[in-house]
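Visitor: turn this into a structure:
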Amino acid sequence: MFEFPDLLWPVLVLAFIQFGDAIMCIKPFQFIADCFEGVNWPRRFWWVMSPIKFAAGAGLILGLWVPYLTAVTCAALVLYFLIAIGMHVAAQDFGRNLFLNAAAMFVICVGAAVLAFPT
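Guide: Modelled structure (predicted):
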């Protein structure tokens, strides 16, 4: 059922986005730093975001050969961005950070999951 993705391109696009996001989190670009600050994410934990995002990208790619890994990684990304949306709402950080960063990525992750695993 969800052993391997039916379509590869949504998985590859999402992996590309995750790797790019991971690179931008190494020394956070200003819009990423603004996002972290908007939800009061402690600066001492900023470093962990890059490895998490690299792991997500790797999980998506490895899942093309490892049964269920892509589906689990997609589900984890959906949950990650759902939590990010909740953090923005809780911090009353409405605007670009919520809608462009968190909500748009949530929609992209859900879309990739639905396209890759249509059953």
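Visitor: residues touching Phe117, list them.
Guide: The neighbourhood of Phe117, defined by Cβ atoms under 8 Å, 6 or more residues apart in numbering, consists of Phe2, Pro5, Asp6, Ala71, Cys74. The way it works is simple: take the backbone N, C-alpha and C, and place the C-beta from them, glycine included.
Visitor: the first one sits in which helix or strand?
Guide: Going back to what we said before, that points to Phe2. In this structure, Phe2 is located outside every helix and strand according to DSSP states H and E.
Visitor: OK, contacts around the residue nearest the centre of the chain?
Guide: Centroid check for the chain by Cα atoms, centre = their mean gives Leu77 as the closest residue, at 4.6 Å. For Leu77, the contact set (Cβ under 8 Å, 6+ apart) comprises Leu14, Gln18, Ala56, Met105, Cys109.
Visitor: so the third one, which of the three states?
Guide: Three-state secondary structure (criterion: DSSP: H, G, I helix; E, B strand; the rest coil) places Ala56 in helix.
Visitor: kindly state the pLDDT recorded for it?
Guide: Looking at Ala56, its pLDDT is 98.
Visitor: contacting residues around it?
Guide: Counting by Cβ under 8 Å, 6+ apart, the residues that Ala56 touches are Gln18, Ala22, Thr73, Ala76, Leu77, Tyr80.
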